[in-house]
Structure formats: structure tokens, C-alpha cells
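**Q** Following is a predicted model, sequence given first.
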Amino acid sequence: MKFADADSAEHNPQSTHIIISPVLCAVPQRRPTDPKLCGPVPGIRLKPGSLLQRIYGREEVVEEFFCNYEVNPEYEPQLASAGLDVVARGEHGEARAVELAGHHFFLATLFQPQLSSSPQKPHPLLTAFVRVAAEFSRRAQASVQTARA
């Protein structure tokens, strides 16, 4: 986006370009000492055709959050023009995940898959990442083998 001072309100609240800002709305069921966006949040809508939607295989999910910061909505147009597409939104249209168009696996989420994952039932984002990493490794090894031949 070419902002020399782009930053997060958490790290540099004096920046003139706060791309990551404090969460605007709190989850009502959270404990007072928890982050504003904490606990399971229903109604996260996934953009049809996005990588995120393909991984889940549906257009709406419930996810676990534990954070106080989110994408500043004022900068969504600049993020989009830089290639970061908002692919998940909360019930009031808040950005909850972005992905980089054309990249094989660049996702950034505010929800935390590790909070609802277990060895018996790994989260779909974690298994998708492992699959992509394994495929990348296989291709890299094949490329090295071809180069040596």
C-alpha cells in the first residue's frame, strides 16, 4: 500500500496509517478480563469461490477468537487494490479473514484454528496448510532430482 508508517494500533498508535485497529464490537458472552473478540463467534460468512470457502466446503462457519484488534475498515479498499481480498466477514460485515489472490496458500484470519483443533479432529485450515506444504515439498524435491539428472 506504500504507506511508510503503516502500523497497528497495538504497536504504534501514533501512526497516521493504522491498518490494524481495536475491535469495534465485543462478543457479549466473554468474561470481562478476556479480549473483546473472545470465544466462539457464529455467522462468519465466507466469500464464495475463495480458497477459505473451498477449504471449509461451506459458506458460513463458527470460529474461535481471542483478540482485541481487527482490520481497520477504512483501509479495506487499499488492501483490496494491493491484492488482499476480504474473504470472511462477521455478522455486521467486519473483515475476519483475507487471502492473497493468486497465491497457493496465503490466508490471514482473526480467528484462531488451534483453539478448536485436536489431534482427533484437526481444524480444516491446519490440515489444508499441511497438505499444501507437503505438496510444495514434493515438487521441490522432484525439481532437485530433475536438476541433478
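**A** That came in fine, so what should we check first?

**Q** which parts of the longest strand along the chain are buried?
**A** Ranked by number of residues, the top strand in the chain under DSSP state E is strand 37-46. Of the residues in strand 37-46, 37, 38, 39, 41, 44, 45, 46 count as buried by neighbour count, 16 or more other C-beta atoms under 10 Å. For every residue, glycine as well, the C-beta is placed using N, CA and C.

**Q** Would you quantify the distance from the fourth one to residue 121?
**A** With the distance defined as C-beta to C-beta, to the nearest Å, residue 41 ends up 19 Å from residue 121.

**Q** now do the third one
**A** To residue 121, residue 39 is 19 Å away according to C-beta to C-beta.

**Q** Kindly report the same for the fifth one.
**A** Per C-beta to C-beta, residue 44 is found 19 Å from residue 121.

**Q** before we move on, what about the last one?
**A** To residue 121, residue 46 is 20 Å away according to C-beta to C-beta.

**Q** Please give me every residue in contact with the residue nearest to the spatial centre of the chain.
**A** The centre of the chain sits closest to residue 109, judged by C-alpha atoms, centre = their mean, with a distance of 1.7 Å. Residue 109 sits next to 52, 63, 88, 96, 97, 125 when contact means C-beta atoms under 8 Å, 6 or more residues apart in numbering.

**Q** give me that answer again for 10 Å
**A** 44, 52, 63, 65, 87, 88, 96, 97, 98, 99, 125 (C-beta atoms under 10 Å, 6 or more residues apart in numbering).

**Q** List just the nearest of those to residue 20.
**A** residue 98 (11.5 Å; C-beta to C-beta).

**Q** wouldn't that closest one be in contact with residue 70 here?
**A** No: counting by C-beta atoms under 10 Å, residue 98 sits too far from residue 70 to count as a contact (11.1 Å).

**Q** what residues are shared contacts of these two?
**A** Both residue 98 and residue 70 are in contact with residue 110, where contact means C-beta under 10 Å, 6+ apart.
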